[in-house]
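[1] any chance you could fold what I've pasted below:
(2 chains)
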Number of protein chains: 2
Amino acid sequence: MSADPVKSGDLLADVPARLDKEETAVLAELPGARIERIVSTGQASPPGFWYDQDWTEWFVVLSGSAGVRIEGEEKPRILAPGGYLEIPPRVRHRVDWTDADEPTVWLAVHAK
Amino acid sequence: MSADPVKSGDLLADVPARLDKEETAVLAELPGARIERIVSTGQASPPGFWYDQDWTEWFVVLSGSAGVRIEGEEKPRILAPGGYLEIPPRVRHRVDWTDADEPTVWLAVHAK
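    Numbering: from 1, shown residues only, chains lettered A, B, ... in the order given. Okay, the predicted model is just below:
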């Protein structure tokens, strides 16, 4: 038997209901992108913390909900299931809140 | 007003219930990957057709269901919501069937 060249999985399986901190799992390392599943259960970015990345990040919320603040905007952008954002390099952003009642599952694509 | 540097959208919005052929929408063109939403309403690959691609393709089913056949395997791999596959270059595959009762929404990442 040779190894299966096709990788498979279920990104809605084994979603923890409660976490001390966000859980990140790498689903795929492609030549030009890394695909991750992130699960949040009420976590937010620390006060005053901003992500400031040198890659484009694309992410979508698949369950739960979240408020993502873009620097310079007054209010967070609210993401419900299906909602996605594409954040260019150097656009500072933070997670103001994630759903306190059910897990928020994110699919994130980090362009390389 | 300058253009919004952050692109946003809802990949579960405006899902057509019935299509004559699959609908593909490019959600993002990142430096290393193209992200697409594909909606199928019962479509399959034509008889005898195989995708034979020179890039890695990663895709997940978000609603509906599908049977994806990998060349050399006896049965299709059945994808329900959350199910994903990572198909390396040159691994021939086809869509044997998609859900006839509800739209199948795929999120596909083409590595560049």
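[2] how near is A:Tyr84 to B:Glu57?
    19 Å (Cβ to Cβ, to the nearest Å). Where you see a C-beta, it was placed from the backbone N, CA and C, and this is true even at glycine.
[3] show me which of the two is the more surrounded one.
    A:Tyr84 (25 against 19; other Cβ atoms under 10 Å in any protein chain shown).
[4] and that one, bridged to which residues?
    Applying DSSP bridges to A:Tyr84 yields these beta-bridge partners: A:Val60, B:Gly9.
[5] cool, and A:Arg77?
    With DSSP bridges as the rule, A:Arg77 is bridged to A:Val68.
[6] that one against A:Glu86, yeah?
    No. A:Arg77 lies out of contact with A:Glu86 (Cβ atoms under 8 Å); the separation is 11.8 Å.
[7] please enumerate the shared neighbours of these two.
    B:Val6, B:Ser8 (Cβ atoms under 8 Å, 6 or more residues apart in numbering or on different chains).
[8] tell me the residues of chain A that contact chain B?
    A:5-13, A:27-28, A:30-33, A:35, A:55-56, A:58, A:60, A:62, A:70, A:77, A:81-88, A:91, A:93, A:107, A:109, A:111-112 (Cβ under 8 Å from any Cβ of the partner chain).
[9] could you redo the last one with a cut-off of 6 Å?
    A:5-12, A:28, A:30-33, A:56, A:58, A:70, A:82-88, A:91, A:111-112 (Cβ under 6 Å from any Cβ of the partner chain).
[10] which of A:Arg77 and A:Glu86 has more residues huddled nearby?
    Neighbours per residue (other Cβ under 10 Å) separate A:Arg77 from A:Glu86, with A:Glu86 holding more: 22 against 16.
[11] distance check, that one against A:Leu19.
    Counting by Cβ to Cβ - A:Glu86 and A:Leu19 are separated by 26 Å.
[12] kindly report the same for A:Pro88.
    Counting by Cβ to Cβ - A:Pro88 and A:Leu19 are separated by 29 Å.
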